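Q: can you look at this prediction? I've put the sequence above it.
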Amino acid sequence: SQQQQPHMVLMPSSGAGHIIPFLKVAGALASQNCRVTLITSHPLVSQPESALITRFLTLYPQVTEKQFHLLHLPPNYHSDDSSKDPFFRQWELIHRSLPRLSDILKSLSPPADALLSDISLMSSTISVTESLNIPNYVLFVSSARMFAFFAYYPALSDVLSGSAGEDELLEIPGLEGLPKSSVPPLLQDTTTPFATMLRANNDCIKKFDGFMINTCDVLEGKTVRALKSGKIVDGMPPIFAFLYPPWEPEKVNGSRSAAWERWLDEQLPASVVYVSFGSRAPLSREQTIEVAKALISCNYPFMWVAKFSVVDKDDGQSIHQVLGADLTHQVKEKGVVVQDWVDQQQIIGHKSVGGFVTHCGWNSILEASSYGVPMLGWPQGGDQGIIGVAMAECGIGMLGGKWGWNGEFVVKGEEIGMRIREMMESQKLRSRAAEVMEDIDKAVARGGVCDQTMKHFINKFIS
Ligand code: BUP
């Protein structure tokens, strides 16, 4: 009956880092016998986003897609800073199109038992679900540490905008102090669009029925406990912290194998350095050259996923144009450079990969943790500095050092190469990463803590 099969409606926001975890949770809920509807915003921001959704719907034919067609921006739309970022623009469009979301939710049969909405859409979706009386849960796509920061943000604004030095620690109840330097300039200045969005979403925390955070005890147990205790926000709605098992490899792998896959197959176990700074924040030309020098000099085979534009779909320049002929030649002698969208989970899960130089996107950290791959973190912006702190505290990786935010200054190849070697040679990191992987395996296995938490969530809707 309907009560035995709760109807979960998921609505991700834009960006692969938001869509991927939503699809994973949608798949996990569908596998747990929930009826699942996925609301997708159209047009999407990038081609990889639509490819991910299409692949997901093929793997999970039982999931229903409802397309949410966004309004167009008026011709005189003022192009301020926020609208230049395609992801902010998409959030703005979703916000303007809310009456259409309401129509979709009203049309569902059987009706929705809950909406799982995105953190960046919190203040938008709550008005709709309140008027329709549908429980609203946020699926938080970043780390618990970032959630704690978000939840405590208003109380921190004086320290952030004040004269405190970068080494000053921000005190969040129940947690280790957070270096001010891990907060990006965009959030230190409390008037930017990012900061305004954070505050607007913070204002409605208590209106939500709960928060799902993709994390687990071995990664962030202390933070999750502090959040649940109400020390950070008094009256915090229930917190559901769980990871889901990685997508099954045989489902993820395509039938044709790309050149880089064959190359990875030929390398020695745990010998390859995998490098990716995510899809959103390309490094400057000068910095890219230094990364190339670092990789050439550190004497490990490497696989480098390089992006040279803000949104993955517009990658205009080739590595050759950025590095020049000589450096490109040296790079290609020692490693593999890919500019296309690749299945990162497949790379990280490959036995040849022994270390990951990452921008500290939370999904990337989770993927590396699930496969026991040590990391060298180099946050570029957004939530990545705070995530980097959580990653280093857990001991599964190290931070590069005072390497600044993307574009702030150029870090020399020599220094980067030194830190890469340190990561690859550290037994301490390697054994901690293996330990964390084992713990995660247990937590996500059937009957494990994460599995139980998810069942506990679903059971709330079964009468
Ligand atoms: Br790039 C890239 N393939 O080529 P994060 C990323 N991913 O599968 P955040 C690919 O996208 P940004 C690629 O595995 C992860 O699941 C990756 O999410 C996948 O980064 C996701 O790591 C990216 O949380 O920034 O902060 O969303 O979008 O720039 O990666």
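A: Yes, it's here. Numbering: from 1, shown residues only.
Q: can you name the element that comes right after the single longest strand found in the chain?
A: Counting by DSSP state E, the longest strand found in the chain is strand 35-42. Following strand 35-42 in sequence order, the next helix or strand is helix 47-59 (DSSP states H and E).
Q: looking at that next one now, give me its mean pLDDT.
A: Averaged over helix 47-59, pLDDT sits at 92.
Q: again, but for stretch 372-386
A: Stretch 372-386 carries an average pLDDT of 96.
Q: the residue of the stretch 151-300 of the chain found nearest the ligand in helix, strand or coil?
A: Here the residue of the stretch 151-300 of the chain nearest the ligand is residue 278; by Cβ to the nearest ligand atom that distance is 2.6 Å. No exception for glycine: its C-beta is placed from N, CA and C like everyone else's. Put simply, residue 278 is coil when judged by DSSP: H, G, I helix; E, B strand; the rest coil.
Q: could you find the closest non-adjacent residue to it?
A: Sequence neighbours aside, residue 359 is the residue nearest to residue 278 in space, at 4.5 Å (criterion: Cβ to Cβ, 6 or more residues apart in numbering).
Q: could you report the neighbour count for that neighbour?
A: By other Cβ atoms under 10 Å, 24 other residues sit near residue 359.
Q: isn't it right up against residue 376?
A: No. Contact between residue 359 and residue 376 fails when scored by Cβ atoms under 8 Å: they sit 10.7 Å apart.
Q: minimum distance to the ligand, which residue of the stretch 51-200 of the chain gives it?
A: residue 141 (7.0 Å).
Q: contacts only, for that residue.
A: 17-18, 21-22, 118-119, 214, 362-363 (Cβ atoms under 8 Å, 6 or more residues apart in numbering).
Q: just give me the neighbour total for residue 101.
A: Residue 101: 26 surrounding residues under other Cβ under 10 Å.
Q: err, residue 150, not the other one
A: Using other Cβ under 10 Å, residue 150 has 22 neighbouring residues.
Q: for the stretch 301-450 of the chain, which spans come out with low pLDDT?
A: 309-316 (pLDDT under 70).
Q: just the strands from the stretch 101-250 of the chain, written as ranges.
A: Here the stretch 101-250 of the chain has its strands, by DSSP state E, counting those that start in this stretch, at 114-118, 136-140, 169-170, 178-179, 210-213, 239-241.
Q: which one of these lies nearest to residue 320?
A: strand 114-118 (37.6 Å; Cβ to Cβ).
Q: which residues of this structure lie near the ligand?
A: Counting by Cβ under 6 Å from any ligand atom, the chain comes close to the ligand at 15-17, 20, 276, 278-281, 305, 341-345, 361-364, 367.
Q: measure residue 335 to the ligand for me?
A: Distance, residue 335 to the ligand, by Cβ to the nearest ligand atom, to the nearest Å: 16 Å.
Q: which ones are touching that residue?
A: Listed by Cβ under 8 Å, 6+ apart, the contact partners of residue 335 are 273, 295, 301-304.
Q: try residue 384
A: Contacts for residue 384 (Cβ under 8 Å, 6+ apart) come out as 184, 359-361, 377.
Q: cool, and residue 53?
A: Applying Cβ under 8 Å, 6+ apart, we find residue 53 in contact with 19, 23, 38, 40, 44, 65.
Q: check contacts around the last one.
A: So that's residue 65. Contact partners of residue 65, counting by Cβ under 8 Å, 6+ apart, are 37-40, 53, 57.
Q: ok, and the most crowded of those?
A: That'd be residue 38 among those, by other Cβ under 10 Å, with 24 neighbours.
Q: roughly how far apart are it and the ligand?
A: 17 Å.
Q: same question, residue 333
A: In terms of Cβ to the nearest ligand atom, residue 333 sits 23 Å off from the ligand.
Q: that residue: neighbouring residues, count only.
A: Neighbour count of residue 333, defined by other Cβ under 10 Å: 8.
Q: list of residues touching the one helix or strand it maps to?
A: Using DSSP H and E, the element containing residue 333 is helix 319-334. The contact list for helix 319-334 (Cβ under 8 Å, 6+ apart) reads 285, 288-289, 292-293, 295-296, 301-302, 304, 306, 308, 337, 339.
Q: so residue 100 touches residue 67, yeah?
A: No. Contact criterion Cβ under 8 Å: residue 100 and residue 67 do not qualify, at 10.0 Å.
Q: circling back to that earlier point, ok, the residue nearest to residue 278 - contacts?
A: 276-278, 281, 377-380, 384.
Q: hmm, 6 Å instead?
A: Shown in contact with residue 359 (Cβ atoms under 6 Å, 6 or more residues apart in numbering): 277-278, 380, 384.
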